[in-house]
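J.: pasted the sequence and its predicted model underneath.
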Amino acid sequence: MPPNNRELVDREREALLTEIRANVAFEHLIVAILAGAAASGAAFLIAKMAARLVAGASAAGALWAGLAGALVMASLFFVVGFGAGAAIITPLHKSLESAKRRQPWPYIAVAAGVAVLAFVAARLLPGFSAPGALAGLGVFVGLVVLGAVFARRMRPVWLAAAKAEEAEAVREAPFRIM
């Protein structure tokens, strides 16, 4: 039996809401990635400058070396994060949203997994030096900031979606007089 108009409209409405929610989540993710990239670069800069100053380098030399490394660190963090957000996290969000699972930990776990894979890939690529402890510190700080910012920005979105679903369930509940 073919679906009636109401069922078709409900399916189209649900598909549209899924796309809107995925776009909103992606926008919040990009903001979190930018914040994580900035924190990653800042942590790398501070650690690099401290290491160079302890080793006896001049303050200007330590600053320039730290700035160059921080810029590379922040850029790589953003590029890898954006790629992972588009290729992995957006489809993950759609599947989690359809299952009504609205917690930040799956996203943070995926981000950590992507960071580990990026470190492994950096070790395997010819012409690249292996990432050191300072890069690891920068990525760790960036991931913490990314997770905190994403969770903080998504919490109101998830609460609004839950309230809308609750209101929809109440609206569609059969009315009975007892």
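T.: Looks like it arrived, so ask away. As the structure is a prediction and not an experimental result, all values here were calculated from the model. Residues are numbered from 1 along each chain as shown.
J.: report the secondary structure element holding Leu67.
T.: If you go by DSSP states H and E, Leu67 is part of helix 59-84.
J.: other SSEs contacting whatever helix or strand comes next after that helix?
T.: Note on helix 59-84: by DSSP H and E, the next helix or strand toward the C-terminus is helix 90-98. When contacts are defined as 3 or more C-beta pairs under 8 Å, 6 or more residues apart in numbering; DSSP states H and E, helix 90-98 sits against helix 5-54, helix 105-124. (C-beta placed from N, C-alpha, C; glycine too.)
J.: now do the residue nearest the centre of the chain, the pLDDT please.
T.: For the chain, the residue nearest the mean C-alpha position is Leu29 (4.5 Å; C-alpha atoms, centre = their mean). On the pLDDT scale, Leu29 is placed at 92.
J.: who's in contact with the closest residue in space to Leu67 that isn't next to it in sequence?
T.: Nearest residue to Leu67, sequence neighbours excluded (C-beta to C-beta, 6 or more residues apart in numbering): Leu45, at 6.5 Å. If you count contacts by C-beta atoms under 8 Å, 6 or more residues apart in numbering, Leu45 has them with Gly66, Leu67, Gly69, Ala70.
J.: which one among these gets closest to Val116?
T.: Gly69 (20.4 Å; C-beta to C-beta).
J.: report the separation between Arg52 and Trp158.
T.: Here Arg52 is placed at a distance of 43 Å from Trp158 (C-beta to C-beta, to the nearest Å).
J.: and Met73, by the same measure?
T.: Distance, Met73 to Trp158, using C-beta to C-beta: 31 Å.
J.: the two: which is more packed in?
T.: The neighbour comparison of Met73 against Trp158 (other C-beta atoms under 10 Å) goes to Met73, with 25 against 18.
J.: show me the contact partners of stretch 150-158.
T.: In contact with stretch 150-158 (C-beta under 8 Å, 6+ apart) are residues Arg21, Val24, Ala25, His28, Leu29, Val31, Ala32, Arg102, Pro104, Tyr107, Ile108.
J.: state the mean pLDDT of it.
T.: Averaging pLDDT along stretch 150-158 yields 91.
J.: how about stretch 88-98?
T.: Average pLDDT, stretch 88-98: 87.
J.: over to stretch 61-72?
T.: So the average pLDDT for stretch 61-72 ends up being 86.
J.: what of stretch 36-51?
T.: 91.
J.: return the distance of it from the chain's centre.
T.: Distance, stretch centre to chain centre, for stretch 36-51: 19 Å (C-alpha atoms, centre = their mean, to the nearest Å).
J.: ok, and for it, which residues are buried?
T.: 36-49, 51 (16 or more other C-beta atoms under 10 Å).
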